[in-house]
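Participant: Sequence and predicted structure, then a few things I'm wondering about:
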Amino acid sequence: MNQEIQKILSALNIQPVLVDVGASGVPPAIWDLIAKKSIYLGFDPDRRELHDIPDGQYSRSIIVNEAITTAESGKVSFYLTRSPYCSSTLPPDTEALSDYIFSDDFTVEDQVSVAASTLNAVIDRLSLQHLDWFKADSQGTDLRLFQSLRDDLRKSVIAVDIEPGLIDAYRGEDLFVDSHKALLKEGFWLSSLDIKGTVRMKRDTLNKLSGSGYALREIDVHKSVRLCPGWCEARYLRTLDSLILEEKGQRDFILLWIFAIIEKHWGYALDIASVYEERFGKDSILSQLYNLPLQQINIGNTGLRGLIKKVLPNPIKEFLGSLLKN
């Protein structure tokens, strides 16, 4: 599958632009299939978990050690928290967080003034014409950053990854309920949703019991207590209707197809191929647009794998599935 995608990108001279706001850690693994043909643009003012991108991983990689804001200001206050993954331009909601065991991660260790730019300004500075996949983990401002893109850039986005809260972790943050509604209106549909959570238990309670005859340990709490939803990782893809409405060209349809493929939405990829044929005719790549998702569907439903899926109980499925991977 990787080779087929690379060939299509090369044949059409398409270089996806992947924007990573909140680039602590490593780039999303889902981008690996298209990395060598893509431009990676990462932003994070907190360098504690900001890593250099290995040479050759991307066609071009750019790390910007700046905060991204919705208005050009040059500088912005940035709250450095105990965990680098919780640092934000928004102050933590200490009162609301006190109900959760991970509240210490949000302890503000320093408030600094950092260089800041808008996405529009940086993209213009780099002379980029498109923004194809927008990923934001900005700790509370994902939606407003997406909406701050000027109209032409916002409408060029084919996929959106955000990590909005389900609880109040930051003052004035963009929660999932608001983000989801807004992105649907922007012409996206929810492609995947991974709910993340934490233990609802005050750290004061843990500290009290840890120092008493109960000798409660945090590690035991995490092993045994059910997590409650705290935030989520949500991915959105463009709807076909939005591409048609905006009269988008071949490049956008191909990227939507590729993103659907790497998201394993084989059925949606076939929908895209069908509309592509109606709009652009039977060109040199049309057969690949049909064949690759059809092959994946058939691979999943024939032979030993198909038999495992259809007739065996779940524990046995999982065991045999792990053997087939090795």
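Facilitator: Cool, the structure landed. Numbering: from 1, shown residues only.
Participant: and the residue of the chain most remote from its centre, what element?
Facilitator: What lies farthest from the middle of the chain is residue 213; by C-alpha atoms, centre = their mean that is 44.4 Å. Element membership of residue 213, judged by DSSP states H and E, is empty: it is in no helix or strand.
Participant: gap between it and residue 203?
Facilitator: Counting by C-beta to C-beta, to the nearest Å, the separation of residue 213 from residue 203 is 19 Å. In this view, the C-beta of every residue, glycine as well, is placed from N, C-alpha and C.
Participant: go on, residue 76?
Facilitator: Taking C-beta to C-beta, one finds residue 76 at 29 Å from residue 203.
Participant: go on, residue 83?
Facilitator: Counting by C-beta to C-beta, the separation of residue 83 from residue 203 is 14 Å.
Participant: Need the three-state assignment for the spatially closest residue to residue 228 that is not a sequence neighbour.
Facilitator: Setting aside the residues directly before and after it, residue 228 is nearest to residue 200 in space (C-beta to C-beta, 6 or more residues apart in numbering), at 4.7 Å. With DSSP: H, G, I helix; E, B strand; the rest coil as the basis, residue 200 sits in coil.
Participant: wait, residue 200 sits on residue 97?
Facilitator: No. At 11.0 Å, residue 200 does not count as touching residue 97 under the criterion of C-beta atoms under 8 Å.
Participant: With neighbour numbers in mind, choose between the two.
Facilitator: residue 97 (24 against 15; other C-beta atoms under 10 Å).
Participant: is it true that that one touches residue 173?
Facilitator: No. The criterion here is C-beta under 8 Å, and residue 97 misses it with residue 173 at 11.6 Å.
Participant: now the protein, which segments are flagged as low pLDDT?
Facilitator: Within the chain, the ranges that satisfy pLDDT under 70 run 1, 46-52, 54, 300-326.
Participant: what about 50?
Facilitator: Regions of the chain meeting the criterion pLDDT under 50 are absent.
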